[in-house]
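Q: Sequence and predicted model, in that order:
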Amino acid sequence: MLRRIRAATVACVGAVIASVLITGAVSFVPVAPAAGAATTTTSPAAVQPARCTRLGVPTYMEFDVAGTQTAAVLAAQPDPSFVVLNPESGPGPNAEPGFVAASRTLRAAKVGVVGYVATGYGKRPESEVLQDVEHWRAWYGTRNVFFDEASSDRSHLARYRRYVKAVHDAGGRAILNPGTYPDRAYVELADLIVTFEGPAADYASAVVPKWANKYAATKFWHLVYATPADQASATVDRSRSLRAGYVYVTSGTLPDPWSALPQYWADELSATATPASCASAANPWTK
């Protein structure tokens, strides 16, 4: 899904800023609903829409110490609620200076920083997962963690409870990414959960389980790729109707739809701008 694959070379920084694109070597792989995941659905008309939609961004590229790439992320207003950093499908074997600087700059700008940790659908050794959680705190100064390749059935629930507890005990927030609606126990467990990850063509017919109305819209994050510029605003609007409190829409396509910011980055930020009625709420990701 969100695993990072290192590129042999890094794109020219000047080209990055000139086009407001950030090149990297990242791949999101769509995930089909797992066995046991909830499948009861309802039409958007029966869903309580999200009143406030915020932007969460996976920014998987190389960050230099000078902060060039960070400046590109913050070039337009308003700023996203949070970004997910990912040096090497996790924090890496050692602290990387560019990412340390990026984390510091983003947090100073009141943008939440979330560290990527792969979990292998519940199969990665627990000690490795928890070590990555600690490295994000110790090396990059963030207590928030994005648990990728998350299981969606109850057989691994106890393991993910321990992962989330480790994050909460350190004062952070935890995101789970099963890429689909999981057993609802995972929704109750996570602070935020990715319940859609796929192309805009599929998003047009996406539906929501009836039980999702029980939870705040801020529990759900939708990741939509292959979205043409003329559909971007409508896709953000659709995320509200599908009760997603957080969204990210991009023009990128397979095999690496998440390898760059969309060409309509500034417009997307505007489309997800917090309305006055929501502006008073503090950003929970800036811990």
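A: Good, I have the coordinates. Quick caveat: nothing in here was measured; it's all calculated off a predicted structure. Numbering: from 1, shown residues only.
Q: shaky segments in the stretch 1-150 of the chain?
A: Low-confidence segments of the stretch 1-150 of the chain (pLDDT under 70): 1-47.
Q: What strands flank the helix or strand hosting Ile175, and is each parallel or antiparallel?
A: Per DSSP states H and E, Ile175 falls inside strand 174-176. Taking DSSP bridges as the criterion, strand 174-176 pairs within the sheet with strand 144-148 (parallel), strand 192-199 (parallel).
Q: elements contacting the longest helix along the chain?
A: What stands out as the longest helix in the chain, according to DSSP state H, is helix 126-140. For helix 126-140, the elements it packs on are helix 97-108, strand 112-118, strand 144-148, helix 157-169, judged by 3 or more CB pairs under 8 Å, 6 or more residues apart in numbering; DSSP states H and E. Placement of C-beta: from N, CA and C, glycine included.
Q: what's the angle from the shortest one to strand 112-118?
A: If I follow you right, that is strand 144-148. Computed with axes from the mean of the first three to the mean of the last three CA atoms, to 10 degrees, the direction of strand 144-148 lies at 30 degrees from that of strand 112-118.
Q: what is the orientation angle of strand 144-148 with helix 126-140?
A: Going by the same axes, to 10 degrees, strand 144-148 makes 140 degrees with helix 126-140.
Q: Kindly report the same for the second one.
A: In terms of direction (the same axes, to 10 degrees), strand 112-118 departs from helix 126-140 by 150 degrees.
Q: just checking, what packs against strand 112-118?
A: Counting contacts by 3+ CB pairs under 8 Å, 6+ apart, strand 112-118 is packed against strand 82-85, helix 97-108, helix 126-140, strand 144-148.
Q: Can you show me the CA trace of it as CSV?
A: In CSV, the C-alpha atoms belonging to strand 112-118 read as follows (Å, rounded to 0.1, in the frame of the first residue of the first chain):
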residue,chain,number,x,y,z
GLY,A,112,1.1,17.6,12.2
VAL,A,113,3.9,15.1,11.5
VAL,A,114,3.1,11.3,11.3
GLY,A,115,5.7,8.6,11.0
TYR,A,116,5.2,5.7,8.7
VAL,A,117,5.5,2.1,10.1
ALA,A,118,4.8,-1.0,8.1
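Q: Walk me through which strands that strand pairs with, and which way each runs.
A: Strand 112-118 has these strand partners (DSSP bridges): strand 82-85 (parallel), strand 144-148 (parallel).
Q: returning to that earlier point: got a list of contacts for the strand holding Ile175?
A: By CB atoms under 8 Å, 6 or more residues apart in numbering, the list of residues contacting strand 174-176 from outside reads 84, 114, 144-147, 150, 160, 163-164, 167-168, 182, 186, 189-194, 221.
Q: Of those residues, select the buried ones using a ChimeraX command.
A: ChimeraX command restricting the contacts of strand 174-176 to the buried ones, with burial defined by 16 or more other CB atoms under 10 Å:
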select :84,114,144,145,146,147,150,160,163,164,167,182,186,189,190,191,192,193,194,221
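Q: who wins for proximity to Leu269 among the strands paired with strand 112-118?
A: Minimum separation from Leu269 across the strands paired with strand 112-118 (CB to CB) falls at strand 82-85, 12.5 Å.
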